[in-house]
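# Show me the folded form of this:
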Amino acid sequence: MSISRRELLAFSGAALASRSPLFAAPSPITRPVAIARCKTYGNDEVLTNLKTLFDQLGGIGKLVRNKTVTVKINLTGSPGQRFEGRALGATHYTHPQVIMAAAHLMGEAGANRIRFVESGWALSGPLEDYLLDSGWNVKQLANSAKNVEFENTNNLGKGRQYFRLKVPGDPYIFPAYDLNHAYHETDVFVSMAKLKNHATCGVTLSMKNCFGITPASIYGDDAGKDEPNETPNSGRVSAMHNGRRAPSKSALPELDPRSSRDPGYRMPRIVAELNLARPVDLAIIDGVQTIAGGEGPWIRGLRYIEPGLLIAGLNATNTDTVATAVMGYDPRAPKGSGAFQKCDNTLLLAEKLGVGSADLSRIEVAGVPIEKAVYRF
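Below is the predicted model of the structure:
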(Lines give C-alpha, C1' and ligand atoms only; values in the text may rest on other atoms or scores of the structure.)
Protein backbone atom coordinates (compact mmCIF):
# COMPACT_ATOMS: atom_id res chain seq x y z
CA MET A 1 0.00 0.00 0.00
CA SER A 2 1.35 3.38 -0.95
CA ILE A 3 1.16 6.20 1.60
CA SER A 4 2.44 9.74 1.39
CA ARG A 5 4.97 11.17 3.83
CA ARG A 6 2.34 13.64 5.06
CA GLU A 7 -0.16 10.84 5.74
CA LEU A 8 2.50 8.78 7.48
CA LEU A 9 3.48 11.64 9.79
CA ALA A 10 -0.15 12.42 10.60
CA PHE A 11 -0.93 8.81 11.39
CA SER A 12 2.21 8.28 13.45
CA GLY A 13 1.62 11.38 15.54
CA ALA A 14 -1.99 10.44 16.23
CA ALA A 15 -1.08 6.86 17.09
CA LEU A 16 1.54 7.96 19.58
CA ALA A 17 -0.95 10.30 21.20
CA SER A 18 -3.61 7.63 21.54
CA ARG A 19 -1.56 5.05 23.51
CA SER A 20 -4.31 2.55 22.75
CA PRO A 21 -4.59 -0.56 20.53
CA LEU A 22 -8.21 0.45 19.86
CA PHE A 23 -7.09 3.64 18.12
CA ALA A 24 -8.67 4.61 14.86
CA ALA A 25 -8.34 7.85 12.93
CA PRO A 26 -10.40 10.58 14.68
CA SER A 27 -13.87 11.07 13.32
CA PRO A 28 -14.57 14.26 11.38
CA ILE A 29 -17.61 14.82 13.65
CA THR A 30 -16.31 17.51 16.00
CA ARG A 31 -19.39 19.44 17.06
CA PRO A 32 -19.10 21.86 19.99
CA VAL A 33 -19.59 21.07 23.67
CA ALA A 34 -20.47 23.62 26.36
CA ILE A 35 -19.89 23.56 30.14
CA ALA A 36 -21.65 25.66 32.79
CA ARG A 37 -21.44 25.93 36.56
CA CYS A 38 -24.74 25.27 38.32
CA LYS A 39 -24.55 24.96 42.10
CA THR A 40 -28.16 24.02 42.87
CA TYR A 41 -31.31 22.66 41.26
CA GLY A 42 -33.18 25.89 41.84
CA ASN A 43 -35.42 26.21 38.81
CA ASP A 44 -34.15 29.63 37.78
CA GLU A 45 -30.51 28.58 38.10
CA VAL A 46 -30.94 25.43 36.06
CA LEU A 47 -33.06 27.19 33.44
CA THR A 48 -30.63 30.11 33.09
CA ASN A 49 -27.55 27.91 32.79
CA LEU A 50 -29.18 25.47 30.40
CA LYS A 51 -30.30 28.34 28.16
CA THR A 52 -26.72 29.66 28.15
CA LEU A 53 -25.42 26.24 27.14
CA PHE A 54 -27.91 26.01 24.29
CA ASP A 55 -26.97 29.50 23.10
CA GLN A 56 -23.28 28.56 23.17
CA LEU A 57 -24.09 25.56 20.97
CA GLY A 58 -25.64 27.89 18.41
CA GLY A 59 -29.19 27.79 19.74
CA ILE A 60 -31.63 24.87 19.62
CA GLY A 61 -34.34 26.57 17.57
CA LYS A 62 -33.03 25.21 14.28
CA LEU A 63 -32.74 21.76 15.88
CA VAL A 64 -36.22 21.41 17.43
CA ARG A 65 -38.54 23.94 15.75
CA ASN A 66 -41.69 22.23 14.43
CA LYS A 67 -40.14 18.86 15.27
CA THR A 68 -40.97 15.82 17.38
CA VAL A 69 -38.30 15.58 20.07
CA THR A 70 -37.70 12.31 21.92
CA VAL A 71 -35.85 12.67 25.22
CA LYS A 72 -34.26 9.56 26.80
CA ILE A 73 -33.94 10.24 30.52
CA ASN A 74 -31.85 8.19 32.95
CA LEU A 75 -33.82 6.38 35.66
CA THR A 76 -31.53 3.44 36.24
CA GLY A 77 -32.53 0.95 38.93
CA SER A 78 -35.72 0.63 40.95
CA PRO A 79 -37.26 3.79 42.45
CA GLY A 80 -37.15 1.98 45.81
CA GLN A 81 -33.34 1.93 45.82
CA ARG A 82 -31.99 5.14 47.32
CA PHE A 83 -28.49 6.14 48.37
CA GLU A 84 -28.19 7.51 51.90
CA GLY A 85 -31.90 8.27 51.81
CA ARG A 86 -31.36 11.09 49.32
CA ALA A 87 -33.70 12.05 46.51
CA LEU A 88 -33.13 9.96 43.38
CA GLY A 89 -32.39 13.03 41.27
CA ALA A 90 -29.65 14.09 43.67
CA THR A 91 -27.76 10.83 43.22
CA HIS A 92 -28.26 8.54 40.21
CA TYR A 93 -31.37 9.69 38.32
CA THR A 94 -31.47 12.66 35.98
CA HIS A 95 -32.92 15.43 38.14
CA PRO A 96 -36.51 16.44 37.28
CA GLN A 97 -35.61 20.15 37.39
CA VAL A 98 -33.08 19.66 34.58
CA ILE A 99 -35.64 17.71 32.57
CA MET A 100 -38.38 20.31 33.06
CA ALA A 101 -36.03 23.18 32.23
CA ALA A 102 -34.91 21.45 29.02
CA ALA A 103 -38.52 20.77 28.02
CA HIS A 104 -39.49 24.37 28.69
CA LEU A 105 -36.63 25.70 26.56
CA MET A 106 -37.33 23.27 23.73
CA GLY A 107 -40.99 24.26 23.84
CA GLU A 108 -40.04 27.94 23.69
CA ALA A 109 -37.79 27.15 20.72
CA GLY A 110 -40.78 25.78 18.82
CA ALA A 111 -40.74 22.00 19.41
CA ASN A 112 -44.00 20.57 18.13
CA ARG A 113 -44.02 17.58 20.49
CA ILE A 114 -41.76 16.42 23.32
CA ARG A 115 -41.81 12.75 24.25
CA PHE A 116 -40.01 11.56 27.41
CA VAL A 117 -38.94 7.93 27.21
CA GLU A 118 -37.22 5.36 29.41
CA SER A 119 -37.05 1.60 29.77
CA GLY A 120 -37.33 1.56 33.56
CA TRP A 121 -36.33 -1.38 35.72
CA ALA A 122 -38.92 -4.19 35.45
CA LEU A 123 -41.32 -1.71 33.86
CA SER A 124 -44.13 -2.96 31.65
CA GLY A 125 -46.80 -0.38 32.48
CA PRO A 126 -47.03 3.38 31.84
CA LEU A 127 -43.90 5.45 32.36
CA GLU A 128 -45.97 7.96 34.33
CA ASP A 129 -46.48 5.37 37.11
CA TYR A 130 -42.73 4.85 37.35
CA LEU A 131 -42.19 8.61 37.61
CA LEU A 132 -44.78 8.88 40.37
CA ASP A 133 -43.06 6.07 42.28
CA SER A 134 -39.84 8.08 41.89
CA GLY A 135 -41.42 11.06 43.65
CA TRP A 136 -41.84 13.20 40.53
CA ASN A 137 -44.58 15.74 39.92
CA VAL A 138 -45.80 14.28 36.64
CA LYS A 139 -48.44 16.98 36.13
CA GLN A 140 -45.81 19.71 36.49
CA LEU A 141 -43.54 17.93 34.03
CA ALA A 142 -46.40 17.49 31.56
CA ASN A 143 -47.11 21.23 31.77
CA SER A 144 -43.47 22.28 31.23
CA ALA A 145 -44.15 22.58 27.47
CA LYS A 146 -47.00 21.96 25.06
CA ASN A 147 -47.71 18.47 23.76
CA VAL A 148 -45.61 16.56 26.31
CA GLU A 149 -45.93 12.77 26.13
CA PHE A 150 -44.50 9.81 28.06
CA GLU A 151 -43.55 6.42 26.66
CA ASN A 152 -42.32 3.23 28.30
CA THR A 153 -39.87 1.79 25.77
CA ASN A 154 -39.29 -1.51 27.58
CA ASN A 155 -41.90 -3.02 25.27
CA LEU A 156 -44.25 -1.88 22.50
CA GLY A 157 -45.64 0.81 24.79
CA LYS A 158 -48.14 2.83 22.76
CA GLY A 159 -46.79 1.56 19.46
CA ARG A 160 -48.01 -1.28 17.29
CA GLN A 161 -44.69 -2.64 16.11
CA TYR A 162 -40.97 -2.54 16.79
CA PHE A 163 -38.62 -0.86 14.36
CA ARG A 164 -35.29 -2.34 13.32
CA LEU A 165 -32.44 0.17 13.42
CA LYS A 166 -29.38 -1.15 11.59
CA VAL A 167 -25.81 -0.52 12.67
CA PRO A 168 -24.02 0.90 9.59
CA GLY A 169 -20.52 -0.21 8.63
CA ASP A 170 -18.85 -2.91 10.70
CA PRO A 171 -20.76 -3.45 13.96
CA TYR A 172 -19.16 -5.22 16.91
CA ILE A 173 -21.89 -7.40 18.47
CA PHE A 174 -25.32 -7.01 16.80
CA PRO A 175 -26.05 -6.01 13.18
CA ALA A 176 -29.24 -4.21 14.21
CA TYR A 177 -31.55 -3.57 17.16
CA ASP A 178 -35.33 -3.86 17.35
CA LEU A 179 -36.57 -0.82 19.28
CA ASN A 180 -39.74 0.88 20.44
CA HIS A 181 -41.37 3.11 17.81
CA ALA A 182 -40.40 6.27 19.75
CA TYR A 183 -36.76 5.95 18.67
CA HIS A 184 -37.76 5.71 15.01
CA GLU A 185 -40.73 8.06 14.79
CA THR A 186 -38.89 11.18 15.85
CA ASP A 187 -37.04 14.08 14.27
CA VAL A 188 -34.66 14.80 17.16
CA PHE A 189 -33.19 12.40 19.73
CA VAL A 190 -31.93 13.78 23.04
CA SER A 191 -29.93 11.79 25.60
CA MET A 192 -30.29 13.30 29.07
CA ALA A 193 -27.80 11.62 31.37
CA LYS A 194 -26.15 11.87 34.78
CA LEU A 195 -22.44 12.55 35.36
CA LYS A 196 -21.26 9.39 37.10
CA ASN A 197 -19.09 6.29 37.05
CA HIS A 198 -20.18 2.83 35.94
CA ALA A 199 -19.02 -0.44 37.48
CA THR A 200 -18.62 -2.12 34.09
CA CYS A 201 -18.16 0.69 31.55
CA GLY A 202 -16.07 3.03 33.70
CA VAL A 203 -18.26 6.07 33.03
CA THR A 204 -21.96 6.34 32.23
CA LEU A 205 -22.82 9.50 30.35
CA SER A 206 -24.92 10.37 27.29
CA MET A 207 -23.78 7.37 25.23
CA LYS A 208 -24.16 4.77 27.99
CA ASN A 209 -27.62 6.21 28.69
CA CYS A 210 -28.61 4.75 25.31
CA PHE A 211 -27.95 1.20 26.54
CA GLY A 212 -31.40 1.59 28.09
CA ILE A 213 -33.18 2.12 24.77
CA THR A 214 -33.17 -1.64 24.18
CA PRO A 215 -36.54 -3.16 25.16
CA ALA A 216 -36.40 -5.80 27.90
CA SER A 217 -39.26 -7.54 26.07
CA ILE A 218 -36.65 -8.61 23.49
CA TYR A 219 -33.25 -8.18 25.18
CA GLY A 220 -34.24 -8.79 28.81
CA ASP A 221 -33.52 -11.74 31.09
CA ASP A 222 -37.13 -12.91 30.76
CA ALA A 223 -37.63 -11.90 27.13
CA GLY A 224 -39.68 -14.24 25.01
CA LYS A 225 -37.71 -16.98 23.29
CA ASP A 226 -39.40 -16.63 19.92
CA GLU A 227 -41.45 -13.45 20.24
CA PRO A 228 -41.19 -10.44 22.58
CA ASN A 229 -42.54 -10.77 26.11
CA GLU A 230 -44.68 -7.66 26.49
CA THR A 231 -44.70 -7.86 30.30
CA PRO A 232 -40.96 -7.94 31.13
CA ASN A 233 -39.97 -8.07 34.78
CA SER A 234 -36.18 -8.04 34.70
CA GLY A 235 -33.03 -6.34 33.53
CA ARG A 236 -30.76 -7.15 30.57
CA VAL A 237 -27.88 -9.00 32.20
CA SER A 238 -28.21 -12.36 30.43
CA ALA A 239 -28.68 -11.13 26.88
CA MET A 240 -26.74 -7.88 26.91
CA HIS A 241 -24.18 -7.83 29.73
CA ASN A 242 -22.78 -11.35 29.55
CA GLY A 243 -24.50 -12.87 26.52
CA ARG A 244 -25.62 -16.06 28.27
CA ARG A 245 -28.90 -16.04 26.38
CA ALA A 246 -29.92 -14.79 22.98
CA PRO A 247 -32.50 -12.07 22.36
CA SER A 248 -35.93 -13.10 21.13
CA LYS A 249 -35.73 -14.80 17.76
CA SER A 250 -37.88 -12.00 16.35
CA ALA A 251 -34.71 -9.84 16.45
CA LEU A 252 -31.46 -10.44 14.58
CA PRO A 253 -28.94 -12.64 16.43
CA GLU A 254 -25.38 -11.73 17.35
CA LEU A 255 -22.79 -11.61 14.61
CA ASP A 256 -20.46 -14.00 16.44
CA PRO A 257 -21.85 -16.04 19.36
CA ARG A 258 -18.28 -17.22 20.04
CA SER A 259 -17.06 -13.72 20.89
CA SER A 260 -16.11 -12.80 24.45
CA ARG A 261 -18.86 -12.98 27.07
CA ASP A 262 -16.98 -10.59 29.34
CA PRO A 263 -19.29 -7.60 30.15
CA GLY A 264 -16.24 -5.33 29.99
CA TYR A 265 -15.88 -6.36 26.34
CA ARG A 266 -19.57 -6.55 25.35
CA MET A 267 -21.17 -3.53 27.00
CA PRO A 268 -18.82 -0.82 25.65
CA ARG A 269 -19.24 -2.25 22.14
CA ILE A 270 -23.02 -2.45 22.40
CA VAL A 271 -23.13 1.14 23.67
CA ALA A 272 -20.95 2.34 20.79
CA GLU A 273 -23.00 0.64 18.08
CA LEU A 274 -26.34 1.70 19.58
CA ASN A 275 -25.17 5.29 19.26
CA LEU A 276 -24.43 4.66 15.60
CA ALA A 277 -27.79 2.98 14.95
CA ARG A 278 -29.73 5.71 16.81
CA PRO A 279 -27.52 8.84 16.77
CA VAL A 280 -27.92 11.43 19.54
CA ASP A 281 -28.72 14.93 18.27
CA LEU A 282 -28.40 16.68 21.63
CA ALA A 283 -26.60 15.37 24.73
CA ILE A 284 -27.29 16.89 28.15
CA ILE A 285 -25.40 15.72 31.25
CA ASP A 286 -26.57 16.59 34.77
CA GLY A 287 -23.58 16.97 37.07
CA VAL A 288 -25.03 19.35 39.65
CA GLN A 289 -25.32 16.62 42.27
CA THR A 290 -24.43 12.98 41.69
CA ILE A 291 -22.49 9.96 42.96
CA ALA A 292 -18.94 8.73 42.35
CA GLY A 293 -17.80 5.13 42.30
CA GLY A 294 -20.66 3.54 40.38
CA GLU A 295 -24.01 3.97 38.69
CA GLY A 296 -26.41 3.26 41.56
CA PRO A 297 -26.96 2.28 45.23
CA TRP A 298 -26.34 -1.41 44.52
CA ILE A 299 -22.64 -0.65 43.97
CA ARG A 300 -20.40 -0.65 47.05
CA GLY A 301 -18.16 2.27 47.87
CA LEU A 302 -20.33 5.07 46.44
CA ARG A 303 -19.78 8.71 47.42
CA TYR A 304 -22.28 11.54 47.19
CA ILE A 305 -20.66 14.55 45.51
CA GLU A 306 -21.62 18.01 44.23
CA PRO A 307 -19.61 18.90 41.09
CA GLY A 308 -22.03 21.75 40.34
CA LEU A 309 -21.90 21.34 36.56
CA LEU A 310 -24.10 21.05 33.50
CA ILE A 311 -22.66 19.86 30.18
CA ALA A 312 -24.30 19.83 26.75
CA GLY A 313 -23.22 19.05 23.20
CA LEU A 314 -24.44 18.23 19.72
CA ASN A 315 -22.60 14.92 19.48
CA ALA A 316 -22.67 12.23 22.15
CA THR A 317 -19.07 11.03 21.77
CA ASN A 318 -17.70 14.58 21.80
CA THR A 319 -19.82 15.46 24.84
CA ASP A 320 -18.83 12.32 26.77
CA THR A 321 -15.16 12.90 25.91
CA VAL A 322 -15.32 16.34 27.49
CA ALA A 323 -17.33 15.02 30.45
CA THR A 324 -14.80 12.22 31.03
CA ALA A 325 -12.00 14.80 31.14
CA VAL A 326 -14.06 16.92 33.54
CA MET A 327 -14.29 13.85 35.81
CA GLY A 328 -10.49 13.85 35.93
CA TYR A 329 -9.89 10.94 33.55
CA ASP A 330 -7.97 10.60 30.29
CA PRO A 331 -10.65 10.11 27.59
CA ARG A 332 -8.19 8.07 25.50
CA ALA A 333 -7.02 5.76 28.29
CA PRO A 334 -6.82 2.08 27.28
CA LYS A 335 -8.31 -0.81 29.22
CA GLY A 336 -6.67 -1.24 32.60
CA SER A 337 -6.10 2.45 33.29
CA GLY A 338 -8.03 5.52 34.38
CA ALA A 339 -11.77 5.06 34.38
CA PHE A 340 -11.54 1.92 32.26
CA GLN A 341 -9.97 -0.50 34.74
CA LYS A 342 -12.07 -3.52 33.79
CA CYS A 343 -13.41 -2.61 30.37
CA ASP A 344 -12.56 -1.37 26.93
CA ASN A 345 -12.92 2.36 26.34
CA THR A 346 -16.38 3.11 24.92
CA LEU A 347 -15.19 6.48 23.62
CA LEU A 348 -12.49 4.91 21.46
CA LEU A 349 -14.84 2.20 20.25
CA ALA A 350 -17.41 4.81 19.24
CA GLU A 351 -14.73 6.88 17.53
CA LYS A 352 -13.64 3.84 15.55
CA LEU A 353 -17.21 3.41 14.30
CA GLY A 354 -17.35 7.07 13.30
CA VAL A 355 -19.91 8.15 15.91
CA GLY A 356 -17.77 11.15 16.94
CA SER A 357 -14.33 12.21 18.08
CA ALA A 358 -12.73 11.20 21.38
CA ASP A 359 -9.83 13.59 20.81
CA LEU A 360 -10.08 16.68 23.02
CA SER A 361 -7.83 18.65 20.66
CA ARG A 362 -10.49 18.31 17.96
CA ILE A 363 -13.45 19.42 20.08
CA GLU A 364 -14.46 23.04 20.55
CA VAL A 365 -15.40 23.71 24.20
CA ALA A 366 -17.47 26.76 25.12
CA GLY A 367 -18.28 28.21 28.53
CA VAL A 368 -16.19 27.06 31.49
CA PRO A 369 -12.81 25.65 30.31
CA ILE A 370 -12.22 21.98 31.07
CA GLU A 371 -9.25 22.70 33.33
CA LYS A 372 -11.40 24.97 35.49
CA ALA A 373 -14.35 22.58 35.55
CA VAL A 374 -12.45 19.44 36.61
CA TYR A 375 -13.96 17.60 39.57
CA ARG A 376 -12.00 14.42 40.17
CA PHE A 377 -14.16 11.36 40.61
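
# Show me what the helix or strand hosting residue 267 packs onto, helices and strands only.
Assigned by DSSP states H and E, residue 267 belongs to helix 263-277. Counting by 3 or more CB pairs under 8 Å, 6 or more residues apart in numbering; DSSP states H and E, the packing neighbours recorded for helix 263-277 are strand 176-179, helix 346-353. To be clear about C-beta, it is placed using only N, CA and C from the backbone, and glycine gets the same treatment.

# can you tell me which of the ones you listed comes nearest to residue 35?
Residue 35 lies closest, by CB to CB, to one member of the helices and strands packed on helix 263-277: helix 346-353, at 17.2 Å.

# Tell me what angle the closest one forms with helix 263-277.
Going by axes from the mean of the first three to the mean of the last three CA atoms, to 10 degrees, helix 346-353 is angled at 50 degrees with respect to helix 263-277.

# after helix 346-353, next one along is what?
As assigned by DSSP H and E, the chain's next helix or strand after helix 346-353 is strand 365-367.

# Please work out which residues outside that next one touch it.
Residues from elsewhere that reach strand 365-367, judged by CB atoms under 8 Å, 6 or more residues apart in numbering: 32, 33, 34, 35, 36, 52, 53, 56, 57, 322.

# name the element the fourth one belongs to?
Of the helices and strands defined by DSSP H and E, residue 35 is found in strand 33-37.

# Nearest residue to residue 89 in space, ignoring adjacent ones along the chain?
residue 95 (3.5 Å; CB to CB, 6 or more residues apart in numbering).

# Can you report how many residues neighbour the one you found?
Using other CB atoms under 10 Å, residue 95 has 23 neighbouring residues.

# for residue 110, same thing?
Residue 110, neighbours per other CB under 10 Å, totals 14.

# if we look at the sheet, which residues does the nearest residue to it once chain neighbours are set aside bridge to?
Nearest-residue entry for residue 110: residue 65, 3.5 Å, with adjacent residues in sequence omitted and distances by CB to CB, 6+ apart. For residue 65, the beta-bridge partners are residue 111 (DSSP bridges).

# ok, residue 65 - contacts?
For residue 65, the contact set (CB under 8 Å, 6+ apart) comprises 109, 110, 111.

# my guess is the last one contacts residue 71, does it?
So that's residue 111. No. Between residue 111 and residue 71 there is no contact under CB atoms under 8 Å: 10.0 Å.

# For the stretch 51-200 of the chain, just list every one of the strands.
Per DSSP state E, counting those that start in this stretch, the stretch 51-200 of the chain carries strands over the ranges 68-72, 113-118, 148-152, 163-166, 176-179, 188-194, 196-198.

# Quick one, which of the ones you listed gets closest to residue 288.
Comparing the strands of the stretch 51-200 of the chain by their distance to residue 288 (CB to CB), the top pick is strand 188-194, with 9.7 Å.

# By average pLDDT, which secondary structure element in the chain comes out worst?
Every helix and strand of the chain was ranked by mean pLDDT, DSSP states H and E. The lowest is helix 5-18, at a mean of 38.

# Residue 209: what secondary structure?
helix (DSSP: H, G, I helix; E, B strand; the rest coil).

# where does this structure have low pLDDT?
1-30 (pLDDT under 70).

# can you rerun that using 80?
Within the chain, the ranges that satisfy pLDDT under 80 run 1-30, 43, 121-123.

# Helices of that one, start to end?
Under the criterion DSSP state H, helices of the chain are mapped to 5-18, 43-56, 61-64, 96-108, 127-133, 138-142, 216-219, 263-277, 316-326, 346-353, 370-373.

# so how far is the third one off the chain centroid?
Put simply, helix 61-64 sits 21 Å off its chain's centre (CA atoms, centre = their mean, to the nearest Å).

# Please identify the buried residues of it?
63, 64 (16 or more other CB atoms under 10 Å).

# which residues are contacting that helix?
By CB under 8 Å, 6+ apart, helix 61-64 touches 106, 109, 110, 111, 188, 281, 282, 314.

# What about the fourth one, how many residues nearby?
Counted with other CB under 10 Å, the neighbours of residue 111 add up to 26.

# Please report the distance of the residue nearest to residue 202 when sequence neighbours are not counted from residue 308.
In space, and not counting its chain neighbours, residue 202 is closest to residue 339: 3.7 Å by CB to CB, 6+ apart. Distance of residue 339 to residue 308, given as CB to CB, to the nearest Å: 20 Å.
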